[in-house]
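1. Model the structure of this input:
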Amino acid sequence: MYDMPTSLQECCIDFISDHLQDLCTASATENTSIKKLAFKDPDIFFHGELSEQLLQTLCEKGKLTDETLSLFDPNVTNLKRVSIRDAQLSAKGLRILKSHKISELEIIGLRTATVNDVIGCLGEWTLSNLKSLNVNNSTFVNSTKFCVVVSLSKLHNLQSLNVSNTEFNKHGLEIIVEDLPCLVNLDISSTQILDISPLRKCKDRLKSLSMYNLVASNQDDVVPVLCELTKLVHLDVSEDSSMQPFVNVNSGKFAIINLLLRPRCLPNLTSLDISGKDGANEDVLREYVSCHSKLNFLGLALTEYCEYSMFTNDQSPDFIGTMTVSGEADERQIMEALRRYVSRCVYVQKSLYTLFRLTQVMLKPREDIIKLVLPAMKSHPKQLGVQMAATACLYNLSKGEVGAKVHPACLTRIVNLTLLAMENFPNHQQLQKNALLTLCSDRILNDVTFDRYRCAKLVMECLCQFNDPSMNRMSVAICSILAAKISTDQTSSLGAKPRYMRKMLQLVKSKVESNAIDITLKFTLSALWNLTDESPATCHVFLHEGGLELFMTILQTVSTMEVDVRTQVETKILGLLNNIAEVPTLREYLMRDDFLMLSKQLLRASQIDVSYFAAGIISHLASESIQKWLVVSAKEDILKELDLKLDDAKILILPFQ
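-> Next up is the predicted model:
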């Protein structure tokens with residue numbers, strides 16, 4: 001294994017997050033409909049690290065609500081660094097933050113309250129001391145459809161501000177450059193800012209500027225303004241081909257060549273990202289890089305520049321080995337791209353498609369790559385292109401001997417995101433096939449912790465949705481294993497669905513009719529056997545869908561086949577029929593001459609597994625009242641045969657006694 005086991009602290013936080021109803025009490029609060037949660041233990045206290053970890057875990061599990069947020073009472077918890085992502089919180093719920101002294105605040109994807117609401121929920125200490133604020137993909141627009149940004153001016157000591165993917169505009173930019181004198185890091189990517197000229201007012205202090213996918217109304221003004229920001233050490237002017245969310249400007253993206261032709265400007269740059277920017281060439285880029293000796297990162301994703309020999313060929317005389325480059329030319333560039341651009345769908349998709357080709361020939365476990373693919377996959381659950389490429393990569397990185405050396409905790413994350421992809425794209429055949437390829441692993445199905453019932457349901461849906469031989473084989477193989485590992489109630493819930501039973505019986509019938517006694521048939525029979533175990537409801541559906549007649553036909557069909565094949569099929573079929581015989585209310589379905597005569601024949605089988613189950617069926621039926629046996633003409637012969645078999649068994653057992 002190449003990963004550390006889960007720490008005791010992580011296990012405890014996980015347990016608390018999953019059992020809040022047992023560990024907490026809920027009480028009504030004044031002037032609000034929100035219930036307040038409190039831990040039952042009055043002496044409990046979470047220090048800063050634990051408080052922040054609990055908040056993050058609740059958020060990751062999708063359990064962070066106004067009610068659960070009320071747990072973070074300042075007398076019980078201590079929050080300094082708050083990170084909340086994609087949670088549906090109201091201004092009322094966020095008021096709990098007022099009593100905490102927060103220095104770093106990250107609230108991403110908040111659409112149920114405005115940024116103005118969030119700032120209004122902060123205490124005086126936080127307003128005066130907050131150093132970092134990230135409101136990426138949140139909203140500044142209030143109920144009257146106005147964009148309100150003036151509240152940002154209260155954060156006098158703010159040093160880092162991220163307003164990317166919001167309605168932030170030029171008016172807001174003018175406010176923050178005037179009212180936030182300590183601001184040195186600014187991210188205005190994908191905002192409504194069309195004119196960056198207000199940045200001149202902070203040219204003597206701004207050190208980091210990100211303006212990915214920013215559209216300028218006047219391209220000619222962009223480079224002159226940027227060149228005045230002489231303190232910059234990080235500049236991101238990257239872009240992609242995706243549509244701008246707020247504006248419709250046909251030619252609002254400035255030409256990168258205009259910046260690169262000024263190699264003497266921005267002398268302090270250590271990081272420059274021009275990903276997605278066309279129009280430059282190798283000579284210009286080489287000159288610019290040579291004039292920036294401090295440059296240690298260069299973003300070249302979605303460009304042909306990343307393939308230049310100076311970035312890829314360590315034998316080339318102009319190779320720059322000390323610089324980190326993002327792109328798609330080699331493994332290092334791809335990994336850097338996945339690390340930096342996890343929130344950018346177009347970038348992630350391109351990186352994963354390129355990575356897929358590399359993973360096809362990887363012979364060693366690469367958890368370092370898996371840990372980059374998983375966040376990218378998690379960040380774009382509804383993007384088919386990302387999920388297709390990610391599921392394909394994860395299969396290559398977790399299959400066979402390679403997967404055997406991947407830590408179970410890592411495999412659990414792979415399975416959970418694979419199941420989510422199956423749920424989000426139930427009708428996409430290739431994605432479902434990718435998922436089945438990953439899941440159809442003895443290591444995963446037997447040794448890894450995940451929701452097996454959820455998995456079994458999704459696989460059964462896949463089985464019913466598509467008629468692909470390889471997918472059918474994997475589906476029934478997975479179900480045959482999982483059916484033995486879920487609870488009896490879950491087995492009944494799964495097997496009692498007529499649609500699922502009908503599909504599996506159709507699969508069995510088609511195999512027998514084509515005389516294909518193959519692995520798919522054997523897995524299907526195993527799945528049916530496990531699904532009917534201690535499940536009267538499933539047994540009833542099996543009978544109602546014509547399973548008994550079909551299985552009797554199969555027993556007659558395989559009777560002339562070679563011993564090994566016949567024994568495997570007979571054992572699985574009789575095992576299932578024995579499950580039915582165990583249900584008193586269903587025994588009448590088996591009380592028929594043709595079935596009992598078939599059981600009598602199998603009772604004589606030399607293979608112990610076959611005769612054992614045949615004897616079990618007849619024994620269960622023999623326990624029924626004499627009235628129910630009136631319909632059977634061969635009762636005496638059958639019971640006599642059973643007695644003889646039992647006598648033989650005694651003879652075999654006596655020497656061992």
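2. Next, count neighbours for Y353.
-> 17 (other C-beta atoms under 10 Å). Where you see a C-beta, it was placed from the backbone N, CA and C, and this is true even at glycine.
3. from what I can see L525 touches V569, true?
-> Yes. Counting by C-beta atoms under 8 Å, V569 is a contact partner of L525 at 6.8 Å.
4. more crowded one of those two?
-> Between L525 and V569, counted using other C-beta under 10 Å, the more crowded position is L525 (26 against 23).
5. quick one: pLDDT of that one?
-> Listed pLDDT for L525 reads 94.
6. Strands of the stretch 201-350 of the chain, start to end?
-> Using DSSP state E, counting those that start in this stretch, the strands of the stretch 201-350 of the chain run over residues 208-210, 234-236, 271-273, 297-299, 324-326.
7. Among those, which comes closest to E10?
-> Proximity of these to E10 was assessed by C-beta to C-beta; the nearest stretch is strand 324-326, lying at 30.4 Å.
8. strand partners of the closest one, parallel vs antiparallel please.
-> strand 297-299 (parallel) (DSSP bridges).
9. average pLDDT across the strand it pairs with?
-> On average, strand 297-299 scores 97.
10. Outside of that strand itself, which residues are in contact with it?
-> Contact with strand 297-299 is made by 236, 238, 270-275, 289, 311, 323-326, 340, as judged by C-beta atoms under 8 Å, 6 or more residues apart in numbering.
11. Send over the helix or strand hosting M504 as CSV, restricted to the C-alpha atoms.
-> Using DSSP states H and E, M504 sits in helix 498-513. Output of helix 498-513 as CSV, limited to C-alpha atoms (Å, rounded to 0.1, in the frame of the first residue of the first chain):
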residue,chain,number,x,y,z
PRO,A,498,-40.2,-7.8,-11.6
ARG,A,499,-38.2,-5.8,-14.1
TYR,A,500,-34.9,-7.0,-12.8
MET,A,501,-36.1,-10.6,-12.5
ARG,A,502,-37.5,-10.6,-16.0
LYS,A,503,-34.3,-9.3,-17.5
MET,A,504,-32.2,-12.0,-15.7
LEU,A,505,-34.5,-14.8,-16.7
GLN,A,506,-34.5,-13.5,-20.3
LEU,A,507,-30.7,-13.6,-20.2
VAL,A,508,-30.8,-17.2,-18.9
LYS,A,509,-33.3,-18.2,-21.5
SER,A,510,-31.3,-16.7,-24.5
LYS,A,511,-28.2,-18.5,-23.3
VAL,A,512,-29.8,-21.9,-23.0
GLU,A,513,-31.6,-21.5,-26.4
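12. Which strands and helices lie in contact with that helix?
-> Applying 3 or more C-beta pairs under 8 Å, 6 or more residues apart in numbering; DSSP states H and E, we find helix 498-513 packed against helix 452-465, helix 469-482, helix 519-532, helix 536-544, helix 547-558.
13. and S316, which of these is closest to it?
-> When the helices and strands packed on helix 498-513 are compared (using C-beta to C-beta), the closest one is helix 469-482, at 44.6 Å.
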